[in-house]
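Student: fold the following for me, if possible:
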Amino acid sequence: MADQDFHELEAWLLGMLGKLEPGQRRAVNRRVAVELRRSQASRIAAQRNPDGTAYTPRQQGKQLRSKKGTIRRRAMFARLRTARYLKAESSADDLAVGFRGRDAMVAFVHQYGELATSNRGRRFRMPQRELLGLTDAELQLIEDAYLRHLEP
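Tutor: This next block holds a predicted model:
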């Protein structure tokens, strides 16, 4: 997604939404935030970055848990993509989809490929896996959601 596309969409929406009452803006922003959260969660479930590339897989050959867990065989971020952790917030003036607290730190480390610390104190660089970001389809989803609300 290009920043210019996002800024053009933002300028267009500000003109359209400026004509609505605050209560109507709050309602439409809430609906868009929920739809965007669902879209982001489905993309995370598909293990795809916003540009369409696959997430870097976990390292092979290392035992990630003892015999009790089966973390290696399951998809990454199964809990993190649920509505409990991936929050959608909105008001009359803005909307946001993201993580909070410790969940935000886990997402940040994966989003930017930062250094992480294991339970044993060992530090390692996490591969970059972009959890949050807008695809062209999601930009179209946002535009369509606002247009549906503004139709008579």
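
Student: can you count the residues close to the residue lying closest to residue 41 once chain neighbours are set aside?
Tutor: Closest residue to residue 41 in three dimensions, ignoring its sequence neighbours and counting by CB to CB, 6 or more residues apart in numbering: residue 81, at 4.3 Å. Just so you know, the C-beta spots here come from the backbone N, C-alpha and C atoms, and that holds for glycine as well. Residues lying near residue 81 (other CB atoms under 10 Å) number 19.

Student: same thing with the one 4 residues further on?
Tutor: Neighbourhood size, residue 85 [other CB under 10 Å]: 19.

Student: swap in residue 30?
Tutor: Neighbours around residue 30, by other CB under 10 Å: 16.

Student: same question for residue 86.
Tutor: 23.

Student: so it makes contact with residue 97?
Tutor: Yes. Between residue 86 and residue 97 there is a contact under CB atoms under 8 Å: 6.9 Å.

Student: which neighbours do those two share?
Tutor: 37, 40 (CB atoms under 8 Å, 6 or more residues apart in numbering).

Student: about what we covered before: okay, the residue nearest to residue 41: pLDDT?
Tutor: If you check residue 81, the pLDDT there is 92.

Student: that one: what secondary structure?
Tutor: On the three-state scheme (DSSP: H, G, I helix; E, B strand; the rest coil), residue 81 is labelled coil.

Student: give me the residue at the spatial middle of this protein.
Tutor: residue 132 (3.2 Å; CA atoms, centre = their mean).

Student: ok, that residue - contacts?
Tutor: If a contact means CB under 8 Å, 6+ apart, then residue 132 has 40, 97, 98, 107, 111 as its contacts.

Student: same deal with residue 150?
Tutor: Applying CB under 8 Å, 6+ apart, the residues near residue 150 are residue 16.

Student: for it, phi and psi?
Tutor: When quoted as degrees, to the nearest 10, the phi and psi of residue 150 stand at phi -80, psi -10.
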